[in-house]
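Undergrad: got a predicted model here, sequence first, then my questions.
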Amino acid sequence: MGEIRTFLAIELPKKIIDQIRDIQNDLRSSVYQVKWVRPENIHLTLKFFGNIEEKTIEEISRVIKGVASKVDTFDLDVRGIGVFPNISRPRVVWVGVESADQNLDLLHKEVEVTLEKIGFEPEGRKFAPHLTLGRVKSLKDKRRLIDQVQMFKGCELGSFNVENLFLFKSDLRPSGAVYTKLSTFDLGKP
């Protein structure tokens, strides 16, 4: 068995993806130094595993199923655009994600704690839920990018109910990443 690149994520509904596509198109028209993520590939990553042994998938699936069964479905709000690490050195353009009742943070923490028990180190930085729209390739158009981000800063893309988590395989190709679902975990169901 070989290694596969994997991550655990929340998938977005079509209505949110369509709104993200519209925003990317507006940004793309005036900001040229960004490599935009294909809208259908945008998701909320809870845990990036990187390259792992294929045989590990079964164990990961078992523990994530247990975590998912203890967490009820919850709503997420998708709003606001920003950049990482900061506005003076933009590297990633993102849309924010929030849960009013902190269920997203609790889910993420439970995922990290449970996966640590089977040998996966927790993320070294604070969880900052976001949807990556694009990666800045050059700061040549930095002023334009900053202006565009400021224009969409308060945008509201809507809310949706999170009912599942998904374990994805990621195949990196010259045309971009291709994601394949390996497992689905229903929230609140044993």
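TA: Cool, got the structure. If you're wondering where the values come from, they're calculated on a predicted model, not measured in any experiment.
Undergrad: per-residue confidence for Val78?
TA: Looking at Val78, its pLDDT reads 97.
Undergrad: same thing with Glu116?
TA: For Glu116, the model assigns a pLDDT of 96.
Undergrad: can you report how many residues neighbour the closest residue to it other than its chain neighbours?
TA: Counting by C-beta to C-beta, 6 or more residues apart in numbering, Pro122 is the residue found nearest to Glu116 once chain neighbours are left out, at 5.5 Å. From N, CA and C alone the C-beta is placed, and that goes for glycine too. Residues near Pro122, counting by other C-beta atoms under 10 Å, number 14.
Undergrad: how close does Pro122 sit to Leu46?
TA: Look at Pro122 and Leu46: by C-beta to C-beta, to the nearest Å, they are 12 Å apart.
Undergrad: contacting residues around the host helix or strand of Leu27?
TA: Assigned by DSSP states H and E, Leu27 falls within helix 14-28. The contact list for helix 14-28, computed with C-beta atoms under 8 Å, 6 or more residues apart in numbering, reads 12, 34, 36, 39-40, 42, 78, 81, 93, 95, 131, 133-134, 148, 152, 155, 157-158, 160.
Undergrad: that older thread, isn't the residue nearest to Glu116 right next to Val111, touching?
TA: No. The pair Pro122 / Val111 is not scored as a contact, 9.3 Å apart, by C-beta atoms under 8 Å.
Undergrad: find residues that contact each of those two.
TA: Residues touching both Pro122 and Val111 by C-beta under 8 Å, 6+ apart: none at all.
Undergrad: hmm, back to that, which positions in the helix holding Leu27 come out as buried?
TA: Buried positions in helix 14-28, judged by neighbour count with 16 or more other C-beta atoms under 10 Å: 16-17, 19-20, 23-24, 27.
Undergrad: check which element follows the lowest-mean-pLDDT helix or strand in the chain along the chain.
TA: None of the helices or strands of the chain scores lower by mean pLDDT, DSSP states H and E than helix 142-152, at a mean of 85. Per DSSP H and E, the first helix or strand lying C-terminal to helix 142-152 is strand 156-162.
Undergrad: which elements pack onto that next one?
TA: Strand 156-162 sits against helix 14-28, strand 74-86, with contacts defined as 3 or more C-beta pairs under 8 Å, 6 or more residues apart in numbering; DSSP states H and E.
Undergrad: report the central residue of this protein.
TA: In the chain, the C-alpha closest to the average C-alpha coordinate belongs to Leu44, at a distance of 2.4 Å (C-alpha atoms, centre = their mean).
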